[in-house]
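Engineer: Just the structure for this:
(chains A and B, ligands or ions: 2)
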Amino acid sequence: MSEVTLRSGPRSSRLRGYARAFGGLLLRDSRVLVREIVPFVLRTVMNPLLFVFVFAYVFPKIGQGFDGGAPDVSFATILVPGLVAVAVVFQGISAVALPLVNEFGRTREIEDRVMAPLPVGAVAVEKIVFGALQSVVAAAMVFPLVYLVPATDVSVNFDRWPLLLMVVVLSSLTAGALGLAVGTVVKPQQVPLIFSILVIPITFLGCVYYPWASLSTIRWLQFAVLVNPLVYMSEGLRTSLTPQLPHMPVAAFLGAITLSLALLSTLGVRAFLRRVRS
Amino acid sequence: MTPSIALIGLTKVYEAAGVRAVDGIDLEVGQGELFGLLGPNGAGKTTIVGMCTTRVLPTGGRVEVDGVDVVADPAGVRRRIGVVTQYNTLDRACTVAENIYYHCRFFGMSKASGRRRTDGLLEQFRLADRAEAMPDELSGGMAQRLQVARAIAHHPQVLFLDEPTAGLDPQSRIALWDIVADLRREGITVLLTTHYMEEAEQLCERVAIIDQGRILVCDTPASLVKGLNAGRVVLLALDSRDAGLLTRLGAIEGVTEVQPTDDGGVRLLAATANGRLLPQVVEAAQPNGVRDLAINDPSLETVFISLTGRDLRE
Ligand SMILES: Nc1ncnc2c1ncn2[C@@H]1O[C@H](COP(=O)(O)OP(=O)(O)OP(=O)(O)O)[C@@H](O)[C@H]1O
Ligand SMILES: [Mg+2]
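Structural biologist: Ligands and ions are numbered 1, 2, ... in the order given. As a prediction, the model looks like this:
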């Protein structure tokens, strides 16, 4: 068979082999996603749905309300970009990190996956890419919910769609890289800790429920949260969707998201290589 | 002809653990050969296979598979080999059929040829009626057959099997031996590791006995046994054992080796099994209380014991 006998042959046929293997990995992951579509939808939709329902539907109806530091727009308007950003990051954990912990620990599946005929680093990159695809889908699913459910007016606009697209894609890749890094270093018995020491602090301190600018009254916190990549994703989506709200400069969040992506993917791929090759 | 697998001064040291797992191994396995690495727990079998299959980086020496260096071109080597690890690494999120099908896709087969290959292998490995089952629903024997089927799905020239029958019931073990023998007939080079004597003896054309990361001997099972120069192995179970007994037994004509066993008995190797041997053995051992006496043909196990003074199953 031609694909088996190709020796240290021409570079292009070698790269074609890698590309086919990479495509095969994506195909396998897609198949599994389709089979597990119901759990995927539930885990993606439940948190933002309940959140907007309680805070942007029930609370306004029963006369409670926040303004998240921007009194002239509804809280729902602040929440839309924030909750979409959370959905993106959360996929990194649930679609990349958690399965990976299992594949390393309980099932040892990873030992077979890295026998695929492509560089081992590419197997790790495939995890990031497929996680990012799920993040994009999650963002597209969550958006209509958080847009339609609130009882109050939500004012978003899509005039800046190229920026929106860029932020969503970069954020999704960063979420996938975060998932790879976490999934590679965490042991199976530490999984519950992922939620209490990572997911919860990241979301509560990720400028999801308030714009970053409104933290100016708590100066130290405003600086402290800058280590959190979710801050830049929320701000990036806020700038793209609800530019009427105070937001970070475009160069600041694009630069920061790109930097997080570079750092997390380097860290993740390195840790992956260390774990599968002794 | 390039050897199928060539190990040259292959060494692996785990610095952190301070373990010299593989200690300068030289070995050549020919094209189409069915070769066995036989050794006790911790001998270094999995580490050797790990280095041959690009999973473990050598600290010294080289491995070439089909002339391709495993460190210089790991992906190229992976294209040529099939691997069944010591543990079940089946994809638990995919069905039995999908385990094979996606493996085919990883190795560049088209949708149609992947389907065809999957159906063929399911049939060949008697898994067709479980095609839609999930791997966790399979018996140990079936899971192992599926692992082998998956490993050869891309038509590798070399197949590595790390303890393929460990933990299998006798019936599944024999079924797997048949499979391996068939593969060998198809011309695939097979390197398997095992700590079952019978497996190495019955299945493999050549065997290397390894211990503590080194090859002790390497030859056909028949030559290894013949090299012992022993026609019979006599096992004595005794009430007591002392130095005098060992001397008395060693002095008997035709006895070539006397070894104390772990359970307080004695193992004798005898060049010939003439009629005078047993009466003399019994007479010499009588003062120590002979509880039981067994006579066996020498086997690879005998070879291992006479090389290391230890039993393989510990
Ligand atoms: N990742 C590792 N780190 C440190 N030491 C290791 C590692 N892997 C193996 N070893 C050590 O190397 C030696 C050889 O191990 P290996 O797994 O190759 O033996 P084996 O012959 O396959 O044994 P078994 O029959 O139990 O599978 C052992 O002493 C083992 O403890
Ligand atoms: Mg082993």
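
Engineer: ok, now which ones touch the residue lying closest to B:Gly67 once chain neighbours are set aside?
Structural biologist: Distances taken as C-beta to C-beta, 6 or more residues apart in numbering or on different chains place B:Thr2 nearest to B:Gly67, at 4.4 Å, with adjacent residues excluded. Bear in mind the C-beta positions are built from the backbone N, C-alpha and C, glycine included. B:Thr2 is in contact with B:31, B:64, B:66-67, counting by C-beta atoms under 8 Å, 6 or more residues apart in numbering or on different chains.

Engineer: CA atoms only for the helix or strand hosting A:Arg238, dumped as PDB, please.
Structural biologist: Using DSSP states H and E, A:Arg238 sits within helix A:229-241. Backbone C-alpha positions of helix A:229-241 (Å, rounded to 0.1, in the frame of the first residue of the first chain) are rendered in PDB as follows:
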ATOM      1  CA  PRO A 229      -7.300  35.400  30.500                       C
ATOM      2  CA  LEU A 230     -11.100  35.400  30.800                       C
ATOM      3  CA  VAL A 231     -11.000  39.100  31.500                       C
ATOM      4  CA  TYR A 232      -9.600  39.800  28.000                       C
ATOM      5  CA  MET A 233     -12.100  37.500  26.400                       C
ATOM      6  CA  SER A 234     -15.100  39.100  28.200                       C
ATOM      7  CA  GLU A 235     -13.700  42.600  27.400                       C
ATOM      8  CA  GLY A 236     -13.100  41.600  23.800                       C
ATOM      9  CA  LEU A 237     -16.600  40.400  23.300                       C
ATOM     10  CA  ARG A 238     -17.900  43.400  25.100                       C
ATOM     11  CA  THR A 239     -16.000  45.700  22.800                       C
ATOM     12  CA  SER A 240     -17.300  43.800  19.700                       C
ATOM     13  CA  LEU A 241     -21.000  43.400  20.800                       C
END
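
Engineer: Nearest to ligand 1: which residue in the stretch 151-278 of chain A?
Structural biologist: Going by C-beta to the nearest ligand atom, ligand 1 is nearest to A:Ser278 of the stretch 151-278 of chain A, at 4.5 Å.

Engineer: What is the three-state secondary structure of the residue nearest to that residue when sequence neighbours are not counted?
Structural biologist: Nearest residue to A:Ser278, sequence neighbours excluded (C-beta to C-beta, 6+ apart): B:Val56, at 5.4 Å. With DSSP: H, G, I helix; E, B strand; the rest coil as the basis, the three-state label of B:Val56 is coil.

Engineer: For B:Val56, what are phi and psi?
Structural biologist: With angles defined as degrees, to the nearest 10, B:Val56 sits at phi -120, psi 130.

Engineer: thinking again about what came up before, tell me how far the residue of the stretch 151-278 of chain A closest to ligand 1 lies from B:Val13.
Structural biologist: A:Ser278 sits at a distance of 11 Å from B:Val13 (criterion: C-beta to C-beta, to the nearest Å).

Engineer: re earlier: follow the chain on from the helix holding A:Arg238 and name the next helix or strand.
Structural biologist: Where DSSP H and E defines the elements, the next helix or strand beyond helix A:229-241 is helix A:250-276.

Engineer: Could you see whether chain B lies near the lengthiest helix in chain A?
Structural biologist: Secondary structure of chain A per DSSP state H: the longest helix is helix A:120-148. Yes. Shown here: helix A:120-148 in contact with chain B (C-beta under 8 Å from any C-beta of the partner chain) through A:Val120.

Engineer: So A:Leu83 versus ligand 1, what's the distance?
Structural biologist: According to C-beta to the nearest ligand atom, to the nearest Å, A:Leu83 stands 43 Å off from ligand 1.

Engineer: correct me, but that residue touches A:Val142?
Structural biologist: Yes. Contact criterion C-beta atoms under 8 Å: A:Leu83 and A:Val142 qualify, at 6.2 Å.

Engineer: Next, the buried residues of the helix or strand hosting B:Val13.
Structural biologist: B:Val13 is part of strand B:5-14, with elements assigned from DSSP H and E. Under the neighbour-count criterion of 16 or more other C-beta atoms under 10 Å in any protein chain shown, strand B:5-14 has B:5-7, B:10-13 buried.

Engineer: returning to that earlier point: then the residue of the stretch 151-278 of chain A closest to ligand 1 would be within a strand, right?
Structural biologist: No. Counting by three-state DSSP, A:Ser278 is not part of a strand but coil.

Engineer: Near ligand 1, which residues of the stretch 151-300 of chain B are found?
Structural biologist: Counting by C-beta under 6 Å from any ligand atom, the positions of the stretch 151-300 of chain B adjacent to ligand 1 are B:His195.

Engineer: ok, which stretches of the stretch 151-300 of chain B are helices?
Structural biologist: Secondary structure of the stretch 151-300 of chain B (DSSP state H, counting those that start in this stretch): helices located at B:170-185, B:197-203, B:221-227, B:243-251, B:277-285, B:300-308.

Engineer: Can you tell me what sits against the first one?
Structural biologist: Around helix B:170-185, the neighbours that count as contacts under C-beta under 8 Å, 6+ apart are B:32, B:34, B:125, B:139-141, B:144-145, B:148, B:152, B:159, B:161, B:164-165, B:168, B:190, B:192, B:199, B:202-203.

Engineer: Need the CA coordinates for it. PDB is fine.
Structural biologist: Provided in PDB are the C-alpha atoms of helix B:170-185 (Å, rounded to 0.1, in the frame of the first residue of the first chain):
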ATOM      1  CA  PRO B 170      -6.100 -20.600  28.700                       C
ATOM      2  CA  GLN B 171      -8.600 -20.800  25.900                       C
ATOM      3  CA  SER B 172      -8.200 -17.200  24.900                       C
ATOM      4  CA  ARG B 173      -4.400 -17.600  25.200                       C
ATOM      5  CA  ILE B 174      -4.400 -20.400  22.700                       C
ATOM      6  CA  ALA B 175      -6.700 -18.400  20.400                       C
ATOM      7  CA  LEU B 176      -4.200 -15.600  20.500                       C
ATOM      8  CA  TRP B 177      -1.300 -17.900  19.700                       C
ATOM      9  CA  ASP B 178      -3.200 -19.000  16.600                       C
ATOM     10  CA  ILE B 179      -3.700 -15.400  15.600                       C
ATOM     11  CA  VAL B 180       0.000 -14.600  16.000                       C
ATOM     12  CA  ALA B 181       1.100 -17.700  14.100                       C
ATOM     13  CA  ASP B 182      -1.200 -16.700  11.300                       C
ATOM     14  CA  LEU B 183       0.300 -13.200  11.200                       C
ATOM     15  CA  ARG B 184       3.700 -14.700  11.000                       C
ATOM     16  CA  ARG B 185       2.500 -16.800   8.000                       C
END
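
Engineer: tell me which element the residue of the stretch 51-200 of chain A found nearest ligand 1 falls in.
Structural biologist: Proximity of the stretch 51-200 of chain A to ligand 1 (C-beta to the nearest ligand atom) peaks at A:Glu111, 12.6 Å away. In this assignment (DSSP H and E), A:Glu111 forms part of helix A:110-113.

Engineer: Is that helix in proximity to chain B?
Structural biologist: Yes. Contact of helix A:110-113 with chain B (C-beta under 8 Å from any C-beta) involves A:110-112.

Engineer: Could you give the residue of the stretch 51-200 of chain B that lies closest to ligand 2?
Structural biologist: Proximity of the stretch 51-200 of chain B to ligand 2 (C-beta to the ion) peaks at B:Gln86, 4.8 Å away.

Engineer: again with the stretch 1-150 of chain A
Structural biologist: Residue of the stretch 1-150 of chain A nearest ligand 2, by C-beta to the ion: A:Glu111 (12.8 Å).
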